[in-house]
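I'd like to go over a predicted model; first the sequence, then the structure.
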Amino acid sequence: MKIQTHADSLETQHNHRFKSGWTKILLSCIVLALVALNVSKASAISTSAQMCAGIYAIIQNGIRVGEIYVPERNPKATQYVEHWVLYNSYVYPSPDQSHLKTEIRVEKQIGYESEADFFARVSWVPGYRYVRVDCTEFDKLPTR
């Protein structure tokens, strides 16, 4: 008959915790790998940073300072264009402009039928600036 000493009891508990700890670590790694796989699938190009087609107002500190026209396109497109008209009151955000709050809001009051219609009717006076944004999206960084 074997008499279990206190030391034997502690060793048995330690071995059980050790095996249980490794099991928890292994399961945690498997869960993290599955989450990472799902996130990488969800972040593929099909879910992009594009603005939806339409008209947007650029607002700074509550004042309209420009507008953006985004033409219709395939939602899975990785190359697209946006047309920005910046009024002469537009201020480029910078550290010196920490008080400046810039927002882009969906514009519901103005509608353009096409790019040609946008260019024909968008507000334009001396001092305004036109910015053509040619975008190409990638699903990875150039260095990785």
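That came through fine. Numbering: from 1, shown residues only.

residues contacting stretch 71-88, please?
Outside stretch 71-88, the residues that touch it by Cβ atoms under 8 Å, 6 or more residues apart in numbering are 45-46, 48, 50-51, 53, 58, 64-70, 114-115, 118-119, 122-138. Where you see a C-beta, it was placed from the backbone N, CA and C, and this is true even at glycine.

what do you get if the cut-off is 6 Å, keeping everything else the same?
45-46, 53, 65-70, 115, 122, 127-131, 133-137 (Cβ atoms under 6 Å, 6 or more residues apart in numbering).

next one: stretch 116-124
Y69, V85, Y112.

among these, who's most crowded?
For these, the largest number of neighbours (other Cβ atoms under 10 Å) sits with Y69, at 22 neighbours.

elements contacting the helix or strand harbouring that residue?
Taking DSSP states H and E as the definition, Y69 sits inside strand 63-70. In terms of contacts (3 or more Cβ pairs under 6 Å, 6 or more residues apart in numbering; DSSP states H and E), strand 63-70 is packed against strand 54-60, strand 79-86.

mind running it again at 10 Å?
Using 3 or more Cβ pairs under 10 Å, 6 or more residues apart in numbering; DSSP states H and E, the elements in contact with strand 63-70 are strand 54-60, strand 79-86, strand 102-106, helix 115-121, strand 129-136.

for P93, find the nearest of those.
The closest of these to P93 is strand 102-106. By Cβ to Cβ, the value is 5.6 Å.

what about dumping the CA coordinates of that closest one to PDB?
Taking only C-alpha atoms (Å, rounded to 0.1, in the frame of the first residue of the first chain), the coordinates of strand 102-106 have been written out as PDB:
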ATOM      1  CA  THR A 102     -13.600  68.600 -41.100                       C
ATOM      2  CA  GLU A 103     -16.600  66.300 -41.900                       C
ATOM      3  CA  ILE A 104     -17.700  64.600 -45.100                       C
ATOM      4  CA  ARG A 105     -21.500  64.200 -45.200                       C
ATOM      5  CA  VAL A 106     -23.800  62.600 -47.800                       C
END
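
now what about that strand, what contacts it?
51-52, 54-62, 64-68, 84, 90-93 (Cβ atoms under 10 Å, 6 or more residues apart in numbering).
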